[in-house]
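Undergrad: Structure, please.
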Amino acid sequence: MQNSVSGLLLVTDMDGTMLTTDKRISEENIEAIRAFQEAGGRFSIATGRSIPSLEHYIHLLQIDTPVILYNGGAIYDYGKREIVWHSVLGSRAVDYTKDVYKKFPEIGIEILLDDQIYVVRSNPIVKKHLDTERLSYLSCGFDDVPDGWFKVLFALDPSQMDEFEAYMLSKGYDDVCFVRSFTHYFEMLPQGSSKGGALLHLAELTGIPVEKTVAIGDYFNDYEMIQNAGIGVTVANAPQELKQIAQLVVCDNDHHALAELIRVLMETSILERQRSVEI
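TA: Below is the predicted model of the structure:
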C-alpha cells in the first residue's frame, strides 16, 4: 500500500529536470504530478523563467501553488495573478550591465522585469532562446528599460564562461550576486536572491514546514534549493557537485526524472525518505 504524500511540498526546476532536452514534459511526468496532487501533495516550480514563459505549463499541470520565478527573484501566484514576494536589483546594476555591454560586445543581454523581457543586445544564443520559447520581447536601449529589474541574463559561448565569471567576481560588487544557470547563461540577481532562499519564503507562504519540502534540480542555480529542502534531490545529468549534496539522485531528465522521484516519495515511508539514497 502506498504511503501518503499529503502535506509535502514538491518543488522542481524546469529545464534539465522536469523538461526533456527538447523542452517537453513527458506524459509519464504529467501523470505522476497529477497522482501526487490527488494524493494530497502540493506541487510547484522553481525556474529562472519569467511570468509569460511559464503560463503554458501552469495550465497544463493545473498548478494551484505559487511558483518561484527569476531564479528566486520572485514568487508568483497565477491564480491571483499577482506577485506575492519579490526582490529587485538596485540602481547600480544598470552601471554593472553597461560595463559588460562595453567590455564584452559579443555577449547577449536580456533584462527581465515582472512580465516583460527587454533585449539590449541580441546574439545567436539570445535569439535561439527567445525563438525556442516563443517569447515576446522588446529590443531597446538601456534608457528604455524601466526600473525594477528582477534579473539580468548574460548569454555567452560556454568557452568564455570561466573568463567572464572571473571578471564579474573580480569587480567586488556587494549589492548583487551571480549564478551560472546553464552552460551558456550567467545571471545577475539581487544580493541574497536564490531559489534556495525563495523556497524558504514559499514554505512560509504555504504554511508547510521546511522539513516537509522536497526540491529537485539539475544545475548550479539549484544548489541552495537542494541544500535548503527537507529532501534535496538531483538528476543523473547534473554536475557532480550537486550529486554530492543531494540525498537522492534519480534518472536523467530525458527518462522521466520527476516521475521516478514521485514514485519514490509515494512508495517510501517518511523516515526512509529522509535517508541519503542514490538510485
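Undergrad: which residues in the stretch 51-200 of the chain form helices?
TA: 51-61, 92-103, 124-133, 161-170, 195-206 (DSSP state H, counting those that start in this stretch).
Undergrad: what's in contact with stretch 246-260?
TA: 12, 16-21, 26, 28-29, 31-33, 216, 218, 226, 231-238, 243, 261, 264, 274-279 (Cβ atoms under 8 Å, 6 or more residues apart in numbering). Where C-beta positions appear, they are placed from N, C-alpha and C, glycine not excepted.
Undergrad: how about a cut-off of 6 Å?
TA: Contact with stretch 246-260 is made by 12, 16-18, 20-21, 26, 28-29, 32, 226, 231-237, 243, 261, 276-279, as judged by Cβ atoms under 6 Å, 6 or more residues apart in numbering.
Undergrad: what's the span of it from first residue to last?
TA: Chord length of stretch 246-260, first to last residue, is 15 Å (Cα to Cα, to the nearest Å).
Undergrad: Next, the buried residues of that stretch.
TA: 246-254, 256-260 (16 or more other Cβ atoms under 10 Å).
Undergrad: In helices only, show me the residues you listed.
TA: Counting by DSSP state H, the part of those found in helices is 257, 258, 259, 260.
Undergrad: Redo the buried residues of stretch 246-260 as a markdown table? Include pLDDT and distance to residue 178.
TA: Below are the buried residues of stretch 246-260 laid out as a markdown table (pLDDT from 0 to 100; distance: Cβ to Cβ, whole Å):
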| residue | pLDDT | distance to residue 178 |
| --- | --- | --- |
| 246 | 97 | 23 |
| 247 | 96 | 27 |
| 248 | 96 | 28 |
| 249 | 97 | 26 |
| 250 | 98 | 28 |
| 251 | 98 | 30 |
| 252 | 98 | 27 |
| 253 | 98 | 24 |
| 254 | 98 | 29 |
| 256 | 98 | 32 |
| 257 | 98 | 27 |
| 258 | 98 | 28 |
| 259 | 98 | 33 |
| 260 | 97 | 32 |
